[in-house]
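[1] sequence plus predicted model, see below.
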Amino acid sequence: MVRSSEDRDFYERCVKILLADKFPNSGLESLSEAGHECDLKPDLNGDTLPGAIGTAEILVVRSTPVTRATVDSGVNLRLIIRAGAGTNTIDKQAAAEREIPVCNVPGRNAAAVAELVIGLLIAIDRNIPDNVIDLRAGRWNKKRYSVARGLYGRRLGVIGLGAIGLAVLERARGFGLELWVIEKSGRATEVQQRLREIGVRAVPGLDALIDQSDILSFHLPAVPETRGMVNASFLEKLHPGTILINTSRGDLVDEQALIRALDEKELRVGLDVYRDEPGSNDGTFSSALACHPMVYGTHHIGASTTQAQSAVAEGVLEIIAAFGNSQILNCVNMPG
């Protein structure tokens, strides 16, 4: 996507950049060295961002929601960058109406999210969080925690084959899991090659994958086709004792249906995302699903490693640099 001459003129001077989430110091230094004015405000949330956008020309966010109110309040706003992959918390239509590109940084956090998937899976199998809670409370219960099925030879189905899904498959192979995905025509040659190298097998559709798997890991964006896909009908098809891992988007899950299925089918669940999770870095959060004893949850931290954030920051810098050279990278809300 090529920018207009007006945008080129805009970028040939110092640009005001509002970073409404945490951002590595190395990235801030690089932006400052390039002559840009950076305003780091990591404590903003969806409600306070409209009043803070001011005259910023570039807005960089991670999980902070960008509402229509923020877009409308950004009188000088020319570019919105999601420092990560998912853009479901950004009002892309409002930005498109003002011809403001929304760009993301896909793939740079794949290793970090995949590591969390494996961590949740091991934690569920070995009941690690409950082990820790009992030890800290002075309770020794080796009998209870000596019962674990183990992961070797179990069947993992991965739903969604972007960079994160592939990274999960690569890591799961080392644990001796059988690896399964859904067949898809037109899959990129390099992806097909990686699947063959990893030893992944394919089935013709979602129902077949559910039937084949005793572990399912979700790696999908929140779009109309995927929202609420983990519903009563989906859950009814699962084998008793199936493990579900969701580190992608909370909107994929009908949480009330999942709570019912947890009790009826003895499912185990690992979650890093929730339908109504807070839009800020801290605060209160009341979730019947997160509190269920068969659920191990984390605080939407999949991409929150130093390694991942440094890689994502590099991607943000690349988008900003490209913007200064008449190019818009990874635009998700306007045609190229």
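    Here it is on my side, so go on. Quick caveat: nothing in here was measured; it's all calculated off a predicted structure. Residues are numbered from 1 along each chain as shown.

[2] switch to C-alpha atoms for all contacts and neighbour counts from now on
    Noted.

[3] low-confidence regions, this protein specifically.
    Across the chain, residues meeting the criterion (pLDDT under 70) sit at 1-13, 336.

[4] show me where it has strands.
    16-19, 37-40, 58-61, 79-82, 102-104, 155-159, 178-182, 201-203, 215-218, 243-246, 268-271, 295-297 (DSSP state E).

[5] Serialize those to a markdown table and add fields for mean neighbour count and distance to Arg194.
    Below are the strands of the chain laid out as a markdown table (neighbours: other CA atoms under 10 Å; distance: least, CA to CA, whole Å):
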| stretch | mean neighbour count | distance to Arg194 |
| --- | --- | --- |
| strand 16-19 | 22 | 36 |
| strand 37-40 | 16 | 39 |
| strand 58-61 | 23 | 32 |
| strand 79-82 | 24 | 28 |
| strand 102-104 | 26 | 24 |
| strand 155-159 | 24 | 14 |
| strand 178-182 | 23 | 13 |
| strand 201-203 | 16 | 12 |
| strand 215-218 | 24 | 18 |
| strand 243-246 | 23 | 22 |
| strand 268-271 | 24 | 26 |
| strand 295-297 | 21 | 30 |
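
[6] can you put these in JSON lines and add distance to Gln192?
    Below are the strands of the chain laid out as JSON lines (distance: least, CA to CA, whole Å):
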{"stretch": "strand 16-19", "distance to Gln192": "38"}
{"stretch": "strand 37-40", "distance to Gln192": "41"}
{"stretch": "strand 58-61", "distance to Gln192": "33"}
{"stretch": "strand 79-82", "distance to Gln192": "28"}
{"stretch": "strand 102-104", "distance to Gln192": "25"}
{"stretch": "strand 155-159", "distance to Gln192": "15"}
{"stretch": "strand 178-182", "distance to Gln192": "11"}
{"stretch": "strand 201-203", "distance to Gln192": "11"}
{"stretch": "strand 215-218", "distance to Gln192": "19"}
{"stretch": "strand 243-246", "distance to Gln192": "24"}
{"stretch": "strand 268-271", "distance to Gln192": "28"}
{"stretch": "strand 295-297", "distance to Gln192": "32"}
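
[7] nearest to Arg136, out of the ones you listed?
    For Arg136, the closest of the strands of the chain is strand 295-297, at 17.6 Å, according to CA to CA.

[8] what sits up against the closest one?
    Outside strand 295-297, the residues that touch it by CA atoms under 8 Å, 6 or more residues apart in numbering are 120, 123-124, 129, 268-272, 289-290.

[9] quick one: strands adjacent to that strand?
    Strand 295-297 has its sheet partners listed here by DSSP bridges as strand 268-271 (parallel).

[10] ok, the contacts of strand 295-297 vs Ala83, which is closest?
    Asp272 (17.8 Å).

[11] now the helices for the protein?
    5-11, 25-33, 49-52, 68-73, 92-97, 110-126, 128-136, 142-145, 163-173, 189-198, 206-212, 232-236, 255-265, 306-323 (DSSP state H).

[12] residues contacting the closest residue to Glu314 other than its chain neighbours?
    Excluding the flanking residues, the one nearest Glu314 by CA to CA, 6 or more residues apart in numbering is Gly27, at 7.1 Å. By CA under 8 Å, 6+ apart, Gly27 lies in contact with 310, 313-314, 317.
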